[in-house]
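A.B. asks: predicted structure and sequence below. I'll ask about it afterward.
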Amino acid sequence: MTRSVTVRVPAKVNVQLAVGGLRPDGFHDLASVFLAVGLYDRVTAATPPPGAAPAGPRLTVSGPDAAQVPVDRTNLAARAAELLAARYGVAPAVHLHIDKDIPVAGGMAGGSADAAAALVACDALWGTGASRDDLLGLCAELGSDVPFSLVGGAALGRGRGELLTPLAVGGPFFWVFAVADGGLSTPAVYRECDRLREAAGTGATAAELPAPEPSPALLEALRTGDVAGLAVALAAGGSSNDLQAAAVSLRPSLAGTLRAGTDAGALAAIVSGSGPTCAFLAKDAQAAAEVAAALRASGTCREARVAAGPVDGATALPG
Ligand code: C5P
């Protein structure tokens, strides 16, 4: 009988995040161009020892930011295990261990990644035999970014981000991620985006604003592996990320981080998702290493990491 399953799952960057107006259900319609990048969490699901089985999932976390990760049922990975167990009528007895390398609350979908990985790991451990479509449905119930963490690669996300169309990418593309001290709350950043839109007089609701659309130039640059074209598309209109102004408004120091990366030779700089991680596009692996070194020396971030994308989504490691 299988005693433990480990699943590796990547972080994401939104190469574009076009945010429509606030919907009556509290979400925003998106056109989100997701790219999975090679920064990984590892989630291990293990059968608890006989007699020690708790009522629900038990969670432990390791890694440099482990102290910031909740280990109770507010953790999305624990909720994922409970949801799968409830749907398939099995007891949610599992020890989940998260080996965390994706920045916490950084706008790189770390919590969503752990949820997708927990679903895949528990499905294998319990032998529930969920189909890919069943897993994707459960992912969408757990959060807007969770389905993409399952599939990885690159995809256009519509709806609130959960309705995915895979995208062909001629990459790899090389990125540097500047990790900030402390996270930003995703709902707070969306609220700030709404507030800035109200203040600018454009209105903030889905009834007042046009539907968000992906940039054809950006999709074409991704498809053809055109790094210079992607850099232009990332910078078009100020930023391809409609949440960037809100993240910078809540964390003004991010303006200095973005500037430090472009000063260091990055081809383009954007806030990753709802931030505060900043993402810098580099010409190649060598240029990315140089930008990372300059960012570390600039003192405008806690840490700078190099990663390329696209990479595969949640994948069980050979056990
Ligand atoms: O789906 P998820 O749980 O990740 O969303 C967290 C919060 O982010 C939502 O409660 C909402 O405030 C905001 N959000 C949004 N529109 C989206 C996705 C998230 O307003 N498309």
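C.D. replies: Nice, thanks for sending it over. Everything quoted here is computed from the prediction, not taken from an experiment.
A.B. asks: next up, the contacts around Ala78.
C.D. replies: Counting by C-beta atoms under 8 Å, 6 or more residues apart in numbering, Ala78 touches 56-57, 59, 72, 96, 118. For every residue, glycine as well, the C-beta is placed using N, CA and C.
A.B. asks: any idea how far it lies from Gly183?
C.D. replies: Separation of Ala78 from Gly183 (C-beta to C-beta, to the nearest Å) stands at 19 Å.
A.B. asks: try Gly63
C.D. replies: Between Gly63 and Gly183 the distance is 15 Å, computed by C-beta to C-beta.
A.B. asks: same check on Ala231?
C.D. replies: Counting by C-beta to C-beta - Ala231 and Gly183 are separated by 27 Å.
A.B. asks: biggest separation within the contacts of Ala78, which pair?
C.D. replies: Farthest pair in the contacts of Ala78 (C-beta to C-beta) is Asp72 and Ala118. Separation: 14.4 Å.
A.B. asks: does stretch 210-229 reach the ligand?
C.D. replies: No. Stretch 210-229 is not in contact with the ligand by C-beta under 6 Å from any ligand atom; minimum separation 9.7 Å.
A.B. asks: outside of that stretch itself, list whatever touches it.
C.D. replies: Applying C-beta under 8 Å, 6+ apart, the contact partners of stretch 210-229 are 15-16, 18-20, 29-31, 33, 35, 154, 156, 167-171, 173, 230, 232-234, 236, 240, 242, 267, 281, 283.
A.B. asks: before we move on, the earlier item: higher neighbour count, Gly63 and Gly183?
C.D. replies: Gly183 (20 against 16; other C-beta atoms under 10 Å).
A.B. asks: are stretch 245-254 and the ligand in contact anywhere?
C.D. replies: No. Contact of stretch 245-254 with the ligand (C-beta under 6 Å from any ligand atom) is absent, the minimum separation being 11.2 Å.
A.B. asks: which positions in the chain make contact with the ligand?
C.D. replies: Residues of the chain lying near the ligand (C-beta under 6 Å from any ligand atom): 26-28, 30, 143-145, 160-161, 186-187, 190.
A.B. asks: thanks again, I'm all set now.
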